[in-house]
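**Q** Return a 3D structure for these sequence lines:
(one chain, ligands or ions: 1)
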Amino acid sequence: MKKNQIIQSFKEIFGGEFRLFSAPGRINIIGEHTDYNEGFVMPAAIDKKIWLAIHPVHGRKASIYSVDYDETSAFDLDGDMSELPHWALYPYGVVKELQKKGCNPGGFKAVFGGDIPDGAGLSSSAAIECVFGTALNSLFDFGLDKLTIAKVGQLAEHNYAGVRCGLMDQFASMHGKAGHVIRLDCRSLDYEYAPLELSGHELILTDTRVKHSLASTEYNHRRAACEEGVRIIASNMPSINSLRDLRPKNVLPYKDILGEETFLCCEFVTEENERVLETVKALESNDLEKVGHLINASHRGLRDKYRVSCPELDLLVETANTVDGVLGSRMMGGGFGGCTITLLKTSSTDKYIKVTQAAFHESFGSEPVYYKVSISNGAGEEMTG
Ligand code: GLA
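**A** The predicted model follows:
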């Protein structure tokens with residue numbers, strides 16, 4: 001088990017005492033690219049995690065071994081980030097963002113790694129940020145709450161990994177609750193836990209195992225398009241601050257001024273927000289057929305309007321919908337690769353796997369990977385060794 005490997009590596013490399021923390025990856029039922037538009041999302045933390053064994057040391061040095069990259073990196077807490085391997089930018093970014101808040105971690109030695117597949121859109125980077133944020137907060141008694149740690153992680157992503165992400169991933173990794181989805185309003189940051197009861201149905205993730213290289217550039221472009229749309233519309237409607245303030249019918253009159261691309265992005269976000277609210281209602285009344293339709297509609301919007309899908313994801317979604325017992329399927333997360341999330345009858349799962357595997361192999365010559373995940377708690381301390 002990965003957790004034991006992390007502990008073992010710490011003992012071999014550094015030896016002595018340590019504390020063990022973990023932070024999970026996430027799924028998102030619906031509400032994609034809405035978080036940075038102050039909209040609604042419905043994520044949940046999963047039982048795939050990053051574990052971190054850590055112990056403070058005297059001095060101003062952080063020494064970190066990544067089990068997954070089989071590489072050690074050390075940096076001066078007051079130094080710059082040049083020459084750090086890419087994976088080390090996340091812990092480095094967390095340290096820097098903590099410092100900006102006046103929280104000054106001391107030196108530490110650490111080993112981390114996990115079982116969240118890289119590039120699968122399950123937010124392994126948010127989990128790394130959250131596990132370091134949680135551990136350093138605890139080790140050095142900063143007294144930060146979960147939301148502040150989530151925001152530190154988000155800023156690390158913006159300023160050191162270069163992705164201007166929303167808060168969904170870090171929020172879910174910090175606030176996850178076993179068996180529950182989080183209904184999060186990304187404007188007020190109010191949230192509620194809702195039990196996910198899928199009576200006779202389940203969610204399955206299907207990993208394309210592709211990550212197209214433009215993913216983070218395109219992500220930032222989409223975010224910029226939304227901001228541009230808001231700027232243009234706000235010059236006529238000064239009361240609006242974000243796409244959250246608009247319904248699809250409010251965007252339509254601006255179609256020509258916005259231009260095709262920006263218009264479609266804005267329209268998608270306003271529609272996706274409505275779909276999240278409809279999904280909340282459908283889940284409350286146990287109308288899973290309806291949830292499935294909304295999930296399918298979300299995929300069409302992500303593919304045709306927001307244009308963040310890719311052939312591998314589209315093929316999986318299309319094939320999924322040919323299988324009896326599949327209620328809905330869509331790409332999940334930022335897009336351009338990673339996983340689909342599919343709601344289906346538990347009794348149809350074997351058929352689903354067989355059919356999608358064959359179709360995927362025929363088109364792309366490779367096999368997707370299937371994950372059944374269970375919904376778990378957020379970041380925290382697991383043990384002391
Ligand atoms: C990535 C980002 C999130 C969110 C999703 C799309 O996972 O990190 O903030 O924007 O994409 O919904």
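
**Q** Give me the pLDDT for residue 119.
**A** What the model reports as pLDDT for residue 119 is 87.

**Q** if I look at it, how far off is residue 333?
**A** 10 Å (Cβ to Cβ, to the nearest Å). For every residue, glycine as well, the C-beta is placed using N, CA and C.

**Q** So between the two, which is more surrounded?
**A** residue 333 (25 against 18; other Cβ atoms under 10 Å).

**Q** so that one touches residue 33, yeah?
**A** No. In this structure, residue 333 is not within contact of residue 33 by Cβ atoms under 8 Å, at 9.5 Å.

**Q** in terms of contact, does residue 329 touch residue 295 like I think?
**A** Yes. Here residue 329 lies in contact with residue 295, judged by Cβ under 8 Å, at a distance of 6.5 Å.

**Q** immediately after the biggest strand by length in the chain, which helix or strand?
**A** In the chain, assigned by DSSP state E, the strand with the most residues is strand 43-56. Going down the chain from strand 43-56, the next helix or strand is strand 61-66, by DSSP states H and E.

**Q** circling back: spit out the residues that contact residue 329 and residue 295 alike.
**A** Taking Cβ atoms under 8 Å, 6 or more residues apart in numbering as the criterion, residue 329 and residue 295 both touch 341, 343.

**Q** Tell me how many other residues crowd the nearest residue to residue 185 once chain neighbours are set aside.
**A** Closest residue in space to residue 185, ignoring its immediate chain neighbours: residue 40 at 6.0 Å, by Cβ to Cβ, 6 or more residues apart in numbering. Residue 40 is flanked by 23 other residues according to other Cβ under 10 Å.

**Q** Ok, residue 131 next?
**A** Each residue near residue 131 was counted by other Cβ under 10 Å, and the total is 31.

**Q** What pLDDT does the model give the residue of the stretch 1-150 of the chain found nearest the ligand?
**A** Closest to the ligand within the stretch 1-150 of the chain is residue 32: 3.9 Å, counting by Cβ to the nearest ligand atom. Note on residue 32: pLDDT of 98.

**Q** what about it, is that helix, strand or coil?
**A** Secondary structure state of residue 32, per DSSP: H, G, I helix; E, B strand; the rest coil, is coil.

**Q** now swap in residue 112 and tell me
**A** strand.

**Q** In contact with it, which residues?
**A** Residue 112 sits in contact with 6, 50-53, 64-67, 91, 128, 131-132, where contact means Cβ under 8 Å, 6+ apart.

**Q** Can you tell me which residues in the stretch 251-385 of the chain are near the ligand?
**A** 333-334 (Cβ under 6 Å from any ligand atom).

**Q** Now for the residue in the stretch 251-385 of the chain positioned nearest to the ligand: which residues touch it?
**A** The ligand sits closest to residue 334 of the stretch 251-385 of the chain, with a gap of 3.5 Å, by Cβ to the nearest ligand atom. Residues counted as contacts of residue 334 (Cβ under 8 Å, 6+ apart) are 33, 121, 165, 215-216, 219, 308.

**Q** Residue 86: neighbour count?
**A** Residues near residue 86, counting by other Cβ under 10 Å, number 9.

**Q** again, but for residue 284
**A** Applying other Cβ under 10 Å, I find that residue 284 has 9 neighbouring residues.

**Q** For the stretch 1-150 of the chain, just list every one of the helices.
**A** With helices called from DSSP state H, counting those that start in this stretch, the stretch 1-150 of the chain shows them at 2-13, 89-100, 124-139, 146-156.

**Q** relative to strand 61-66, how tilted is the second one?
**A** Looking back up the chat, that one is helix 89-100. Going by axes from the mean of the first three to the mean of the last three Cα atoms, to 10 degrees, helix 89-100 is angled at 150 degrees with respect to strand 61-66.
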